[in-house]
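# need a 3D model of the sequence below.
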Amino acid sequence: MFSFFRRHPDYSDDAISLVMDRHSRYDEELGIREEYTFTIRPKGKRISAGYISLRVGESPGLYYLGHIGYRVEMPFRGRGYAARAARLLIPFMGRLGLRSVVITTNEDNLPSRKTCENLGCVLENIVPVPPDYRDICMGAPSKCRYILLLQEGAALCRQK
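Residues are numbered from 1 along each chain as shown. Modelled structure (predicted):
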């Protein structure tokens, strides 16, 4: 396991805590070098409110899937947990040397789009998902690609 977690195990704020659930290396099919998945827990509780994953790498599949994925379970929605979890991981992403990450969401998923906007992400583009990548995107015909800049001076290139 990445030593950063042993030295800095507390990813929490006044509402949630993140607990490392899984760390896996290289997924050849998706071009993921490493993936870190954290359980989102309401502060002081041992129940899961959802999860957040960070996928490190670049590939055609990750172009549509994104570097960050999250899910908040129904009883915990509307509390900003996904945005809080992403913010808590920013120092870790910086330690990994990431300058920016992509979060993709379905066009009709307004709560997730609002999460991206609340994080300060920039909508880069809305792209059609080719049939070969629809399985990993749960059948979505298109994806909104949001860019979260992590470091000052990180360049944002918009596709036209």
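# those strands in this protein, which residues are they?
Using DSSP state E, the strands of the chain run over 11-12, 16-27, 32-42, 50-57, 68-72, 100-105, 122-128, 142-149.
# state which helix of the chain is the longest.
Longest helix of the chain, by residue count under DSSP state H: helix 81-95.
# tell me what it is packed against?
In terms of contacts (3 or more C-beta pairs under 8 Å, 6 or more residues apart in numbering; DSSP states H and E), helix 81-95 is packed against strand 11-12, strand 16-27, strand 32-42, strand 50-57, strand 68-72, helix 110-118. Heads up, the C-betas are built off the backbone N, CA and C, glycines and all.
# re the thing from before, could you export the strands of the chain as a markdown table, including mean neighbour count, distance to residue 87 and mean pLDDT?
Converted to a markdown table, the strands of the chain look like this (neighbours: other C-beta atoms under 10 Å; distance: least, C-beta to C-beta, whole Å; pLDDT from 0 to 100):
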| stretch | mean neighbour count | distance to residue 87 | mean pLDDT |
| --- | --- | --- | --- |
| strand 11-12 | 18 | 10 | 93 |
| strand 16-27 | 16 | 10 | 88 |
| strand 32-42 | 19 | 12 | 94 |
| strand 50-57 | 20 | 10 | 97 |
| strand 68-72 | 20 | 11 | 97 |
| strand 100-105 | 22 | 12 | 98 |
| strand 122-128 | 13 | 16 | 98 |
| strand 142-149 | 20 | 10 | 98 |
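# out of the ones you listed, flag the one nearest residue 90.
Nearest to residue 90, of all those, is strand 142-149, at 8.3 Å by C-beta to C-beta.
# show me the residue at the heart of this structure, geometrically.
The centroid of the chain falls nearest to residue 68 when counting by C-alpha atoms, centre = their mean (1.7 Å).
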